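Q: okay, sequence plus prediction incoming.
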Amino acid sequence: QMYLRNSKQAFDFDNNDRNSSRGITNIVFMGMGEPLNNYANVVCACKSMINVKRFNLSPARVTVSTVGVIGRMRSLHRDLPGINLALSLHAPNQELR
């Protein structure tokens, strides 16, 4: 059971069903534009994921990937301690990689 919850696009599903062998164990924000440029909605979604009455995931199982928006990286660390932060290293072309 998964559906769009509201305009913030936070998902809701029953992850508390321990009888299910297909429960979600990890979440990574990546490949959808820069998550930290959509900070308020990402924080809302992360809080839903770690809420024991909703997704019930450990903060250690939630990762936000960023290209390095420094100010927002600091805010994320302050607002969501325990959430993982992945720094995406990239270049504009293969030769530079």
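A: Perfect, thanks for sending it.
Q: and the residue found closest to residue 43 once you drop the neighbours it is linked to in the chain, what's its pLDDT?
A: The shortest distance from residue 43 to any non-neighbouring residue, by CB to CB, 6 or more residues apart in numbering, is to residue 79 (5.8 Å). To be clear about C-beta, it is placed using only N, CA and C from the backbone, and glycine gets the same treatment. Residue 79 is assigned 97 on the pLDDT scale.
Q: got the buried residues for the longest helix anywhere in the chain?
A: Longest among the helix segments of the chain by residue count, using DSSP state H, is helix 39-50. Residues 39, 42, 43, 44, 45, 46, 47, 48, 49, 50 are the ones in helix 39-50 that count as buried (16 or more other CB atoms under 10 Å).
Q: chain neighbours aside, what residue packs nearest to residue 27?
A: Distance criterion CB to CB, 6+ apart; nearest residue to residue 27, sequence neighbours excluded, is residue 62 at 5.0 Å.
Q: distance of the one you found from residue 83?
A: Distance of residue 62 to residue 83, computed by CB to CB, to the nearest Å: 5 Å.
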